[in-house]
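Visitor: Sequence and predicted model, in that order:
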Amino acid sequence: METINVTKNNDINKLFSFEEVKEITKRALSNDTNLIEYAIRPYSNGRLGYLSSHYRLDIIAMKKKETITLSFFIKAVPYDLPDSADYIIKKGVFKQETTFYSVIIPLLLEGYCGEPWAAMCYKVKSDSIVFEELSGKGYSIRDKLFDKSLICAGLSALARMHAASLLAETRLGTSLNRLYPDAFVERGYAHEGMTWEWMQSGIDVAAVIAERLGYDPDLIRSVCEEIYHSIKPSRTKTNVVSHGDLWANNLLFNNDVPPKCLLVDFQLLRYSPLAHDVAQLLYLCTDRSFRETWETTMLRHYYDTLQETLNMHEIHVQIPSWSELIEGMEEQRLGAVIATVFFFPTVLMNDNLAAQLMNNPASYVKFYFRDKKEFVLSNMKKDPVYNKRISEAVIELAELASRLNQLPKPS
């Protein structure tokens, strides 16, 4: 793997050479396509995510005297934000995703004949990845609070990815995390370094909000340690390749009725029980009222899609039981709520506000690793939706923390 130098890679035109773009073009179209010219530009003014920068690659090519224009989506280490780039490189999340696309996803897609669940990838480098441009195919990010149709679509995509994982392991005769342990190193949560500082800043703000809402802040601080139990492979349940980062911007939907969903951003890849991803999606993308009304129906939809996808393949896979999913959901619930407390202060921000925060090195470092309390509390006063969802998450965490000894432990 080539060494990445943050200070020398801040020119987007250096991301790909003409020869590399020619290779991408031929892979997307055909070998008899000739690249004429290309341009790389920022994808949008706002932030699409927090662990990478995003660009658009536009090409003009010639095939059999026909001029073709085509666009691609580039995800790259954010060299334009040196502090962020340094954090991402040290955290290893970009390496995690490049390993997923170069090693793991080819195994998942070999022999898989179900509907797509991830974007097509055309080129993987140590600091950048090129994908199909999904907006031109009608896919888009939606509002950060999903309705029933979007949740069903997201769970369908998850079920297909999990089915592909089970099929691959049956074909290979062993587990993927045993074959490729480096691909599933935990990147999201750690007891050391900058990730630990990020976690502590999240716990601090959750504790302050809890105290303002009349709950014990020390209980919030102690219960957040339970996140480590929910991210490990299960000893008693079926494990699969897990996305691990299912906040709203990492699911793209088209305009079909019902919509189809593709998953993006595999930087926090895990090897976990089925219910890990399911719980993360439900808690990061819906509110409490939705879950209380629709959770069992949504679990059934996921399970039916999993069964249906596995059954359309000739390989015989031992299908996990419905009761295993239900038990798994209860074991994963606390971890999913803790994840909302860590994620919501950042991912629920207005996109323009997030861009302002990220583009200023001083505010970025302070918010992520030092003290985000002032910023979050101020934004909660200004943004009622931001306030409601963060408050709801902290309240549910406090309620679960108060009966921690009665909750089922991930096993």
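Guide: Cool, got the structure.
Visitor: can we go C-alpha only for contacts and neighbour counts from here?
Guide: Will do.
Visitor: Point out where the stretch 101-250 of the chain drops to low pLDDT.
Guide: Along the stretch 101-250 of the chain, no part satisfies pLDDT under 70.
Visitor: Which residue ranges of it form helices?
Guide: 105-109, 148-172, 176-179, 193-212, 217-223, 227-230 (DSSP state H, counting those that start in this stretch).
Visitor: show me what contacts Glu97?
Guide: Asp265, Phe266, Gln267, Leu268, Leu269 (CA atoms under 8 Å, 6 or more residues apart in numbering).
Visitor: Would you list the phi and psi of the first one?
Guide: Think Asp265. Main-chain dihedrals, Asp265, degrees, to the nearest 10: phi 70, psi 90.
Visitor: Need the outlier residue of this protein, farthest from its centre.
Guide: Centroid-distance maximum for the chain: Lys65 at 41.1 Å, with CA atoms, centre = their mean.
Visitor: Ser140 touches Leu252, doesn't it?
Guide: Yes. Shown here, Ser140 and Leu252 form a contact pair, counting by CA atoms under 8 Å, at 5.1 Å.
Visitor: Of these two, give the one with the bigger neighbour count.
Guide: The neighbour comparison of Ser140 against Leu252 (other CA atoms under 10 Å) goes to Leu252, with 24 against 17.
Visitor: pLDDT score for the more buried one?
Guide: pLDDT, Leu252: 98.
Visitor: Is it correct that it falls within a strand?
Guide: Yes. If the criterion is DSSP: H, G, I helix; E, B strand; the rest coil, then Leu252 is within a strand.
Visitor: Give me the distance between it and Leu219.
Guide: Using CA to CA, to the nearest Å, one gets 36 Å for the distance from Leu252 to Leu219.
Visitor: Next, the contact list for the residue nearest the centre of the chain, please.
Guide: Nearest to the geometric centre of the chain sits Asp245, at 3.1 Å (CA atoms, centre = their mean). Residues near Asp245 by CA under 8 Å, 6+ apart: Asp265, Phe266, Gln267, Leu268, Leu269, Gln280.
Visitor: strands paired with the strand or helix carrying Ala39, and their directions?
Guide: According to DSSP states H and E, Ala39 maps onto strand 34-42. Strand 34-42 has its sheet partners listed here by DSSP bridges as strand 53-63 (antiparallel).
Visitor: Put the alpha carbons of the partner strand into CSV.
Guide: Provided in CSV are the C-alpha atoms of strand 53-63 (Å, rounded to 0.1, in the frame of the first residue of the first chain):
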residue,chain,number,x,y,z
SER,A,53,-14.3,14.3,0.5
HIS,A,54,-16.4,13.8,-2.6
TYR,A,55,-15.8,14.7,-6.3
ARG,A,56,-17.4,14.3,-9.7
LEU,A,57,-15.4,12.9,-12.6
ASP,A,58,-16.8,13.9,-16.0
ILE,A,59,-15.5,12.2,-19.1
ILE,A,60,-15.9,12.6,-22.8
ALA,A,61,-15.1,9.5,-24.8
MET,A,62,-15.4,8.2,-28.3
LYS,A,63,-16.8,4.7,-29.2
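Visitor: how about stretch 231-247: buried residues?
Guide: Buried positions in stretch 231-247, judged by neighbour count with 16 or more other CA atoms under 10 Å: 231-234, 237-247.
Visitor: and if you look at stretch 314-322?
Guide: Residues of stretch 314-322 classed as buried: Val317, Pro320 (neighbour count, 16+ other CA under 10 Å).
Visitor: circling back to that earlier point, nearest to Tyr79, of the contacts of Glu97?
Guide: Of all those, Tyr79 sits closest to Gln267, with 17.0 Å by CA to CA.
Visitor: Name all residues that make contact with that closest one.
Guide: Applying CA under 8 Å, 6+ apart to Gln267 gives the contacts Val93, Phe94, Lys95, Gln96, Glu97, Arg187, Asp245.
Visitor: closest to Ser289 among those?
Guide: Asp245 (22.1 Å).
Visitor: What score does the closest residue to Ala159 other than its chain neighbours have for pLDDT?
Guide: Closest residue to Ala159 apart from its sequence neighbours, by CA to CA, 6 or more residues apart in numbering: Leu306 at 4.7 Å. pLDDT for Leu306: 98.
Visitor: Could you number the chain from 5 rather than 1 from now on?
Guide: That works, and once the first residue is 5, the last one we named lands at Leu310.
Visitor: Next, the buried residues of whichever strand or helix holds Leu310.
Guide: Under the criterion of DSSP H and E, Leu310 resides in helix 292-315. By neighbour count on 16+ other CA under 10 Å, the buried set for helix 292-315 is Phe294, Met302, Leu303, His305, Tyr306, Tyr307, Thr309, Leu310, Gln311, Thr313, Leu314.
Visitor: Looking at those, spot the one nearest Ser367.
Guide: Looking across those and measuring by CA to CA, the closest to Ser367 is Phe294, at 34.4 Å.
Visitor: Just the pLDDT at the closest one, thanks.
Guide: 98.
Visitor: Could you measure from it over to Val245?
Guide: Applying CA to CA to Phe294 and Val245 gives a distance of 27 Å.
Visitor: for the helices of the stretch 105-254 of the chain, which one sits closest to Tyr83?
Guide: Relative to Tyr83, the nearest member of the helices of the stretch 105-254 of the chain by CA to CA is helix 197-216, separated by 18.0 Å.
Visitor: Run through the bridge partners of the nearest residue to Lys127 once chain neighbours are set aside.
Guide: Excluding the flanking residues, the one nearest Lys127 by CA to CA, 6+ apart is Val134, at 5.0 Å. For Val134, the beta-bridge partners under DSSP bridges are Ile78, Lys127.
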